Structures are given as C-alpha cells and as structure tokens.
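*Asks:* Pasted the sequence and its predicted model underneath.
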Amino acid sequence: MFKQRKPTSMLWHSLLRPCTAMASRSISDFTKAPTFSVTTASQLHDAIDRLLPRLRADPSLAPAARALAAAARPLPPSTVLSNRLLHLLSSHPATLPDALALFSSISDPDLCSYNTLISALSRSPRHLPSAQELFDRMPQRDHFSWSALVSAYARHGHPGAALALYRRMQEEPGNAGVNNEFTASSALAAAAAARCARAGRELHCHIVRRGIDAGGDAVLWSALADMYAKCGHVDDARRVFDRMPVRDAVSWTAMVERYFDVGRGGEGFTLFLRMLRTGGVRPNEFTYAGVLCACAEFAIESFGRQVHGRIVKSGTGDSCFSVSALIRMYSKCGDMGSAVCVFEATAKPDLVSWTAMIVGYAQNGQPEEALRYFDMFLRSGIRSDHVTFVGVLSACAHAGLVDNGLEIFHSIKEQHGIEHTADHYACVIDLLSRSGQFERAEEMISKMAVKPNKFLWASLLGGCRIHKNVHLARWAAEALFEMEPENPATYVTLANIYASVGLFDEVEDVRRIMESKGITKMPASSWIEAGRRVHVFLVGDKSHPQADEIYALLKKLYAKMRAEGYVADTEFVLHDVEDEQKEQDIGYHSERLAVAFGIIATPEGAPIKVFKNLRICGDCHTAIKLMSQIVHRQIIVRDSNRFHHFKNGSCSCRDYW
C-alpha cells in the first residue's frame with residue numbers, strides 16, 4: 001500500500017485540493033477547468049485519463065499520481081481500476097517504485113497487470129532482470145508478454161538472450177496462439193542486431209511454416225527485409241521487398257536506403273526512379289532526404305538537382321529534412337552558391353540547416369564564411385548543440401585559425417553550457433597539430449576529460465604527416481592500431497611519413513605487417529561527371545576510350561609546368577626506386593587523369609569538378625594548381641576530407657590542409 005504524503009504547495013494548488021475526508025481528495029482538472037472531488041470509481045477513471053499524458057512528460061506530477069492511488073483505497077476492489085492505476089504509475093520512472101508497490105498489493109493480478117509492469121520494467125536495461133523474474137512468475141502469457149521481453153533484450157543490446165527467449169516460446173506447449181507477427185518481428189530485430197543471418201533464416205522459415213506472413217503485416221515484412229540487409233544480404237532483402245503484399249512509402253524508402261548503405265548507389269537510384277513511376281506511392285520527405293544524402297555521398301549533382309525539382313513540385317520543400325539535405329548535397333558537390341540559395345529561401349532555418357551551412361563552408365575552404373554564418377547563428381537565438389561546434393572548429397583547423405579555434409572551444413562549456421565531446425577535442429588536436437604545436441596537443445590529450453577517439457588520433461597522425469613528426473606519428477598510430485587494427489589508412493599514412501624522411505626500411509616493415517594481416521590499401525580512384533555519365537579513373541589507368549588523348553594532354557601540360565618551375569615532389573612515392581621512376585609513378589595519379597579528361601570533355605571556361613575516394617597528395621595539389629593557371633579554368637577537387645578550389649594557380653585551402 002502507498003504511504004500518504006504531504007503535497008507541495010504549488011503542485012497541490014494546481015492539481016489537488018484537500019477534503020475533510022482522508023480517503024476523498026480533490027484533483028484539479030488539468031485543463032484549468034473547475035476542480036472536482038474523487039469519490040467514485042468513475043471520477044477516478046476520469047482523473048487518470050487527464051493525468052496520464054501529462055505525467056509521461058512531467059515527473060513533477062508524480063505526487064498527484066500517488067494521491068490518486070491513495071484515493072482509490074477506500075473504493076470497492078476492482079481489477080480494472082487497479083490495472084489503470086498500475087498503467088498510470090508505471091508510465092514514468094519516477095513512479096515506477098509506486099507501481100511495483102501497487103502490484104504487490106493486488107491480491108489476484110491478471111494478465112494485464114503482469115504485462116503492464118513487464119512493459120514498464122523493460123524500458124530500462126537496469127530493470128531487465130526484474131522484468132525477466134516477473135515474466136517467469138506469470139501463470140499464463142500472451143503474445144504481448146513474449147514480445148515485450150524479446151524486443152527489450154534486442155533493444156538493450158542482448159540479441160542472444162532475445163533469440164533464446166523466442167526459441168523457448170516455440171518449445172513451450174500451448175503457445176501456437178501467441179506466436180504471431182509481433183513476437184516474430186521482435187525476434188527478427190534481435191537477429192538483425194546480432195548480425196546473425198543463420199538465425200534470421202531460421203526465423204524466416206519458421207514464420208513461413210506457421211503462416212504468420214499470410215496476413216501481409218507491413219511491420220513483419222519490413223522486419224524481414226531489415227534483418228537480411230543488416231546481416232549483409234541485401235539481395236535477400238530485395239527479394240523480401242519484391243514479395244511484400246503492400247509496399248508503402250516507408251518500405252520503399254527503407255529498401256532504397258539499404259542499397260545506399262552498402263555502397264550500391266546505382267541500384268538505390270534505380271529503385272527510387274521505379275518508385276516514382278509506381279502509381280499510388282509518393283515519396284515523402286524522408287525518401288527525398290535519403291536520396292539527397294546519397295547524391296552528396298556519391299557526388300552526383302545533376303541527379304540531386306533533378307530531385308530538388310521534384311521536391312519543389314511535390315510541396316515538401318519546406319520540410320526541415322529536405323532543406324538540410326539539399327544544403328548538404330550542394331555543399332558536398334562543391335556548389336555553395338546553390339546551398340546559400342536553398343538556405344536563404346527557407347523561412348525559418350533550424351539548427352540542422354545552420355549547421356549544414358557552417359560545415360559546408362568549412363569543407364569548401366571558406367573559413368571566413370563559416371565563421372560569419374556561425375556568428376549569425378548565435379544571434380538567431382537557436383540553442384546550439386555539439387555538432388554545430390564540430391563544424392566551426394573544423395573550419396578553424398583547416399584554415400590555421402588557432403586563436404579563434406581555441407576561443408570557440410573554451411566557449412562551448414563556459415558560455416553555452418555544453419560538455420566537451422571527444423569530437424571537439426579531436427578538432428582542437430587537428431587545429432594544433434596542423435599548425436605544428438605538438439607540445440600543446442600532447443598536453444591537451446593528457447588532460448582531456450573524455451577518452452580520445454579514433455578521430456583524435458587520426459587528426460594527430462595527419463598533423464605529423466604534414467610536419468614529418470615521426471615520434472608522435474608512432475604514438476598516434478599505435479593507438480589507432482588498437483582501435484582499428486584492420487584499417488589500412490593508418491598503415492598507409494605511417495608509411496607515407498616514414499617515406500617522407502627516407503626511412504624506407506620502416507616503410508617495408510609496415511608493408512610486411514599489412515601483408516601478414518591480409519590488409520590491403522584501398523585503391524585510389526577519381527571520378528568526374530560529364531555528358532550525363534560518371535567517368536572513373538584509377539592510377540595509371542589506360543582503359544578509358546579517350547586514354548590516348550588524356551595522356552597526350554598531360555604530357556603537354558607537364559612541359560608547360562616545368563617551364564613554370566614545377567619539379568615533382570617524389571617524397572609522396574613510397575617505393576625506394578629511381579627518381580625518374582618515382583616521377584612517372586606520381587605523374588598519373590587518378591585525379592590528374594580525371595582533371596585532364598575534364599579539360600577535354602567540358603566546355604571551355606566551365607569549372608571542372610573531380611571527386612576522389614582518398615586524400616589528394618601534396619604533389620598532385622601543386623600540379624593541379626599550375627594546371628588551373630595554364631588552362632585558365634577553375635578546377636574543384638573533393639578528396640576524402642574536403643574540397644580544394646583551384647583557380648589562377650592558387651587553392652582555397654591556401655596550401656593548408
């Protein structure tokens with residue numbers, strides 16, 4: 001039973017009015033209507049209806065819920081009323097102990113009583129053992145009982161326990177009626193969380209044998225497709241999708257994004273186009289946002305512009321999801337002018353849109369604009385979050401604005417009340433190491449309040465590459481080897497640092513380690529969109545139909561570049577070979593081939609946009625600067641880190657990247 005408590009003055013004035021009888025208390029109408037006395041079961045039910053939605057959002061109303069439970073004590077025993085009070089008290093963690101006390105006072109709890117409390121306990125991983133204990137005590141269980149616990153184990157990172165519980169359900173006699181789409185969907189979510197395709201296939205077979213899929217439940221079919229996709233079997237997910245009795249915008253969007261998630265962008269875009277041609281199903285704001293994010297990732301600006309047109313025609317252009325996705329798409333395709341147009345056409349930009357603009361300018365080598373938009377954002381009155389500061393700190397790091405960056409870093413906690421995250425520290429370490437201030441970087445790492453993440457160590461390693469700091473490079477690389485032992489980027493960067501200072505024995509040691517672990521370097525590739533086609537180039541690639549023309553143009557360009565004083569910087573070649581061979585190796589990197597093709601294939605005077613999957617090397621950076629001056633063209637190169645806008649022999653990064 002509940003212990004009677006004295007109300008606080010403010011809460012009691014707004015919610016409860018004491019009456020002369022202890023068992024009869026008054027409760028205010030929560031819509032500020034006149035108060036009424038709770039003296040009957042009907043009045044108590046009405047008061048529960050009013051309090052329940054507010055208690056879920058406001059724990060300060062917990063005393064009011066306890067008072068209602070106390071008011072029910074003098075009334076005749078009622079399982080229905082007890083269950084409704086149990087539902088009320090279990091709706092918020094603040095009153096969950098009261099719900100447990102109420103449950104223990106119920107002489108004969110029914111199935112609903114058990115299910116209500118199990119559902120409440122299952123919301124927190126801390127209470128899962130109690131939920132399991134209560135579940136095991138149940139005299140009988142229905143589909144809700146099993147589903148609540150199976151889904152809780154899957155949701156809280158215990159997929160193995162979830163699958164074991166589902167198997168137990170199948171083995172226990174008399175469970176044919178409870179084995180339905182709800183419990184099956186929960187078990188499939190567990191198999192997806194465990195990334196266990198074998199268990200998922202077993203569940204699929206079981207679902208088919210029991211005829212659970214015959215009803216065409218959309219949740220179950222989506223869970224099946226999601227399980228296969230998360231287990232790495234996208235083709236199986238597609239087969240499930242194709243068999244769905246009913247496909248709505250949600251299922252279409254999910255299948256399109258599954259292709260994008262595994263890097264199969266072409267199939268994702270094709271399915272999206274098929275969705276547009278399918279009558280009765282219209283893309284929603286989430287569909288468009290997902291497709292735009294893929295356009296940004298794969299740098300397909302022309303398709304992104306077509307999607308933009310669709311969004312405008314469909315009337316979903318005002319959605320915050322669509323606006324921020326459009327800004328990201330244009331900025332990641334190197335077109336900040338269009339990104340600004342989208343932003344300025346938005347009546348009320350939200351936090352995500354502001355952040356997208358700040359990050360976009362940072363990535364496009366325009367730190368002054370990034371800082372200007374950050375100042376405008378602060379004046380807008382919108383409360384910032386940690387992601388916004390990551391964007392502006394990144395802008396400072398890539399522009400060498402050490403003082404600005406440190407000032408902003410300290411303001412995060414002191415002025416905005418936001419705790420520093422590992423990503424904030426990573427940006428500052430990037431800022432300090434790029435500027436060669438390694439002592440300050442080491443000091444910050446030793447004193448930082450959170451554990452360094454992989455981005456921090458990668459930032460330090462990148463700064464060591466710029467300044468050829470072998471000692472700290474080894475330290476950063478060792479930390480990364482522990483976190484990501486299979487990531488080839490760390491090995492390659494460390495080998496580059498060794499090669500830049502002539503330590504070719506160490507370069508060979510790194511290579512041998514990679515070979516022994518079966519780690520291979522990701523092949524460098526660059527691509528350019530021309531003539532409604534995407535043309536991809538590899539290092540030394542001669543497979544393109546216009547290869548002879550491309551190589552002939554590069555030969556002419558190199559002759560003019562040498563006349564301007566260009567000398568190939570062969571320190572970026574890892575091989576310990578003759579200088580002539582090194583120069584030949586570096587002269588046909590994928591981005592140079594793509595730039596040469598762009599000069600040939602695009603109209604004279606038009607900007608050339610090239611995208612690369614890895615970072616651009618220092619010599620290619622120098623070479624493309626000279627190319628932009630010789631051919632009088634703007635050349636935009638997006639590498640794995642950021643954009644480089646080359647024009648008239650200079651780069652937007654000011655040789656600081």
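*Replies:* That came through, no problem.

*Asks:* where in the stretch 301-450 of the chain is pLDDT low?
*Replies:* 317-318 (pLDDT under 70).

*Asks:* One more: the chain?
*Replies:* 1-39, 174-180, 213-216, 317-318, 570-585, 657.

*Asks:* which stretches of the stretch 451-600 of the chain form helices?
*Replies:* Taking DSSP state H, counting those that start in this stretch as the test, the helices found in the stretch 451-600 of the chain are 454-467, 470-483, 488-500, 504-517, 547-563, 579-586, 590-601.

*Asks:* Mind putting these into CSV with mean neighbour count and distance to residue 633?
*Replies:* The way it works is simple: take the backbone N, C-alpha and C, and place the C-beta from them, glycine included. Shown next, in CSV, are those (neighbours: other CB atoms under 10 Å; distance: least, CB to CB, whole Å):
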stretch, mean neighbour count, distance to residue 633
helix 454-467, 22, 28
helix 470-483, 17, 36
helix 488-500, 21, 29
helix 504-517, 14, 36
helix 547-563, 15, 12
helix 579-586, 15, 22
helix 590-601, 24, 7
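
*Asks:* Distance to residue 267 for these - can I get that in JSON lines?
*Replies:* Output for these, formatted as JSON lines (distance: least, CB to CB, whole Å):
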{"stretch": "helix 454-467", "distance to residue 267": "30"}
{"stretch": "helix 470-483", "distance to residue 267": "32"}
{"stretch": "helix 488-500", "distance to residue 267": "26"}
{"stretch": "helix 504-517", "distance to residue 267": "32"}
{"stretch": "helix 547-563", "distance to residue 267": "28"}
{"stretch": "helix 579-586", "distance to residue 267": "35"}
{"stretch": "helix 590-601", "distance to residue 267": "24"}
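
*Asks:* quick one, which of those helices is nearest to residue 412?
*Replies:* Proximity to residue 412 (CB to CB) singles out helix 454-467 among the helices of the stretch 451-600 of the chain, at 15.8 Å.

*Asks:* So for residue 272, which of the helices of the stretch 451-600 of the chain sits nearest?
*Replies:* helix 590-601 (26.3 Å).

*Asks:* just how off-centre is the closest one within its chain?
*Replies:* Relative to its chain's centre, helix 590-601 lies at 33 Å (CA atoms, centre = their mean, to the nearest Å).

*Asks:* cool, and stretch 559-573?
*Replies:* 41 Å.

*Asks:* Need the CA coordinates for that stretch. PDB is fine.
*Replies:* Extracted C-alpha coordinates of stretch 559-573, given in PDB (Å, rounded to 0.1, in the frame of the first residue of the first chain):
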ATOM      1  CA  ALA A 559      56.100  20.600 -70.400                       C
ATOM      2  CA  LYS A 560      54.400  23.900 -69.600                       C
ATOM      3  CA  MET A 561      54.500  23.300 -65.900                       C
ATOM      4  CA  ARG A 562      58.300  22.600 -65.900                       C
ATOM      5  CA  ALA A 563      58.800  25.800 -67.800                       C
ATOM      6  CA  GLU A 564      57.000  27.500 -64.900                       C
ATOM      7  CA  GLY A 565      59.400  25.900 -62.500                       C
ATOM      8  CA  TYR A 566      57.500  22.700 -61.500                       C
ATOM      9  CA  VAL A 567      59.600  19.900 -60.000                       C
ATOM     10  CA  ALA A 568      57.800  16.700 -59.000                       C
ATOM     11  CA  ASP A 569      57.900  16.200 -55.200                       C
ATOM     12  CA  THR A 570      58.700  12.400 -55.100                       C
ATOM     13  CA  GLU A 571      58.600  12.100 -51.400                       C
ATOM     14  CA  PHE A 572      55.000  11.100 -51.800                       C
ATOM     15  CA  VAL A 573      56.000   7.900 -53.600                       C
END
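
*Asks:* picking up where we left off before, to residue 129, which of the helices of the stretch 451-600 of the chain lies closest?
*Replies:* Across the helices of the stretch 451-600 of the chain, closest to residue 129 is helix 470-483 (CB to CB), at 31.7 Å.

*Asks:* Tell me who's in contact with the spatially closest residue to residue 159 that is not a sequence neighbour.
*Replies:* Spatial nearest neighbour of residue 159, excluding adjacent residues (CB to CB, 6 or more residues apart in numbering): residue 194 at 3.6 Å. Residues in contact with residue 194 (CB atoms under 8 Å, 6 or more residues apart in numbering) are 159, 160, 163.

*Asks:* what number of residues lie near the first one?
*Replies:* So that's residue 159. A total of 22 residues lie near residue 159 under the criterion other CB atoms under 10 Å.

*Asks:* repeat for the second one
*Replies:* In terms of burial, residue 160 registers 15 neighbours under the definition other CB under 10 Å.

*Asks:* Quick one: residues contacting it.
*Replies:* Contacts of residue 160 (CB under 8 Å, 6+ apart): residue 194.

*Asks:* just to revisit the earlier point, can you redo the contacts of residue 194 as a markdown table with secondary structure and distance to residue 268?
*Replies:* Shown next, in a markdown table, are these (DSSP: H, G, I helix; E, B strand; the rest coil; distance: CB to CB, whole Å):
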| residue | secondary structure | distance to residue 268 |
| --- | --- | --- |
| 159 | helix | 27 |
| 160 | helix | 32 |
| 163 | helix | 30 |
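
*Asks:* Can I get these in a markdown table including distance to residue 307?
*Replies:* Converted to a markdown table, the contacts of residue 194 look like this (distance: CB to CB, whole Å):
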| residue | distance to residue 307 |
| --- | --- |
| 159 | 36 |
| 160 | 41 |
| 163 | 40 |
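
*Asks:* Nearest to residue 340 among those residues?
*Replies:* residue 159 (45.3 Å).

*Asks:* Surely that closest one and residue 153 touch.
*Replies:* Yes. Using CB atoms under 8 Å, residue 159 makes contact with residue 153 at a distance of 7.0 Å.

*Asks:* To residue 107, which of the helices of the stretch 451-600 of the chain lies closest?
*Replies:* helix 470-483 (56.0 Å).

*Asks:* Could you list every helix and strand that the closest one packs against?
*Replies:* Helices and strands touching helix 470-483, by 3 or more CB pairs under 8 Å, 6 or more residues apart in numbering; DSSP states H and E, are helix 454-467, helix 488-500.
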